[in-house]
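Engineer: kindly return the folded structure for what I paste below:
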Amino acid sequence: MHFSIRPAQLDDLDAIRELMPRLAEFELPPGRVAEHLWKGDEKILLAWAEGKEPACLIQVAVSEDQQILGVAMSRLRDELLSGEPSAHLEVLMVAKSAEGSGIGRALMDAAESAAAERGAKSMTLHAFASNTRACRLYDGLGYDGELIRYTKNLPD
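Structural biologist: Model prediction:
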């Protein structure tokens, strides 16, 4: 599959939003609602489109005819513990038709490069343990699962 990576443009907004449900296409943990996995990211995307998220960096993978095949969205922010300049990957999604084509890896490379160019010394991300495909990608790219997030539903 032939594709290229470029910074997102405002004209890409609708196509990016259409891909958002891909963020929940894995076995969700009990009690999780698929829509919750992308609604917050969609708010960030819309704020970016309105010029209200200058620390948001978005790269898209596009086909030869400029169809969006995948998206990486990260935000510059201080690293949680050290306070060093960092970036956090908010979104990595690839169209179902483009799975296995190397787009996810290429988008990660582009996201890391864009963050480094803006002064980030590290990149963080969150992944559900049940999203094994994503975890394999991140492990293969050298990411370290150093924190475990515990959650418990409390009675009403």
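Engineer: where exactly do the strands run in this protein?
Structural biologist: Applying DSSP state E to the chain gives strands spanning 4-7, 56-62, 68-78, 85-94, 123-125.
Engineer: and the ones you listed: which comes nearest Cys135?
Structural biologist: strand 123-125 (10.4 Å; CB to CB). C-beta here means a position set from N, CA and C on the backbone, and glycine is covered the same way.
Engineer: quick one: mean pLDDT for that closest one?
Structural biologist: Average pLDDT, strand 123-125: 97.
Engineer: sheet partners, orientation included, of it?
Structural biologist: strand 85-94 (parallel) (DSSP bridges).
Engineer: give me the mean pLDDT for the strand it pairs with.
Structural biologist: In this model, strand 85-94 has an average pLDDT of 98.
Engineer: what's in contact with that strand?
Structural biologist: The contact list for strand 85-94 (CB atoms under 8 Å, 6 or more residues apart in numbering) reads 19-20, 22-23, 38, 41, 44-45, 56-57, 61, 69-79, 101, 103-104, 107-108, 111, 115, 118-125, 134.
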